[in-house]
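A.B. asks: Turn this into a model:
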Amino acid sequence: MATLDIDDVHRMLDLIDAALKTLSATHKTVVEAREIAGLCSVAAELADYRTTWGPIAGVLGIAPHLLSRYTTYHGPFQVPDATYVAQRIRSFLRSQDQAFRSPQLPLEPPSVPPPPERGPITDAPIQPVAATEWRYVQRIGDLQQKIGTLSALLEDIIQTARGSNLPPDMSALTEIERAQLIAVLETVLAVLRAPMAERSILKKAKGMLGGVTKRVAEKQAEQGLGEAAGTAREWLSDILNSIWPPGM
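C.D. replies: Modelled structure (predicted):
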């Protein structure tokens, strides 16, 4: 297995950011491999990389047959697909960067911020979750990497949900559901960055992510959001089982 060091991670992040910039600026529906050569080169470089949890395609949440097209420069590529692949690779690389930087945190229970206000939405308010079961988390080794991976993925989901301007008939979530998702995931990020984790909040997020995948499947819309939510739910379930082993 290839070894990533911090310089590798930063170099590949620069290439992915350049590819995403190209994809966001294009008015075409498809691009050639030469236009996103940086994305293809990073995919090829990561192709043989195996993480603690298996081959890179599974960790990224990208179907192997889809990822292989980028590793072999087998274009042309649909712009939405290329954007999704680039975002997933960027999330993974950012999680590796966070693992390198992981600070030693104080052992004080964090105060979880209330969900942020979201504009003029007044009905169907977000129901607060009682934070009652805190546990100190030893953020070392695999668990630190898992938390970093999940944090980067949640940030991408928040960004995707917040940036959506789809009409109602093309959107998997209502405006209220989207605001609730963003608020809960932002609270989870605050918990994941703290030295102690809280079980009820994480379980609430796990259920909400499952609900997102269900709505995406029902409405056949926002497939990228649904795949990311499903992958995040799996990571969150794994982290919950690591902190609170089954039966506890």
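A.B. asks: Low-confidence ranges, this structure, go.
C.D. replies: Counting by pLDDT under 70, the chain shows low-confidence ranges at 1-4, 50-59, 61, 97-132, 139-141, 247-248.
A.B. asks: Kindly recompute the last result at 80.
C.D. replies: Residue ranges of the chain with pLDDT under 80: 1-5, 48-64, 95-134, 136-142, 144-145, 163-170, 193-195, 223, 246-248.
A.B. asks: what's near enough to touch the most centrally placed residue in it?
C.D. replies: Closest to where the C-alpha atoms of the chain average out (CA atoms, centre = their mean) is residue 153, at 1.2 Å. Each residue near residue 153 by CB atoms under 8 Å, 6 or more residues apart in numbering is listed here: 61, 91, 95, 228, 231, 232, 235. Bear in mind the C-beta positions are built from the backbone N, C-alpha and C, glycine included.
A.B. asks: Give me the neighbour count for the nearest residue to the second one once chain neighbours are set aside.
C.D. replies: Translated: residue 91. Distance criterion CB to CB, 6 or more residues apart in numbering; nearest residue to residue 91, sequence neighbours excluded, is residue 152 at 4.1 Å. Residue 152 is flanked by 21 other residues according to other CB atoms under 10 Å.
A.B. asks: which element is residue 152 on?
C.D. replies: helix 141-163 (DSSP states H and E).
A.B. asks: just checking, next helix/strand downstream of that helix?
C.D. replies: Using DSSP H and E, the next helix or strand after helix 141-163 towards the C-terminus is helix 175-192.
A.B. asks: can you map out the helices along this structure?
C.D. replies: Applying DSSP state H to the chain gives helices spanning 6-25, 37-46, 56-60, 64-71, 79-101, 141-163, 175-192, 199-219, 223-243.
A.B. asks: ok, so what distance separates the closest residue in space to residue 157 that isn't next to it in sequence from residue 92?
C.D. replies: Using CB to CB, 6+ apart and skipping residues adjacent in sequence, the residue nearest residue 157 is residue 228, 5.2 Å away. Per CB to CB, to the nearest Å, residue 228 is found 12 Å from residue 92.
A.B. asks: Who are the contact partners of the residue nearest to residue 91?
C.D. replies: Residue 152 neighbours (CB under 8 Å, 6+ apart): 90, 91, 92, 94, 95, 98.
A.B. asks: which residues are in contact with stretch 34-53?
C.D. replies: 1-2, 4, 12, 14-16, 18-19, 22-23, 26, 33, 56, 59, 67-68, 70-73, 77, 82, 85-86, 89, 92, 142, 145-146.
A.B. asks: so how far is the helix holding residue 152 off the chain centroid?
C.D. replies: Between the centre of helix 141-163 and the centre of its chain there are 4 Å (CA atoms, centre = their mean, to the nearest Å).
A.B. asks: for stretch 229-244, same thing?
C.D. replies: Centroid separation between stretch 229-244 and its chain, computed with CA atoms, centre = their mean, is 12 Å.
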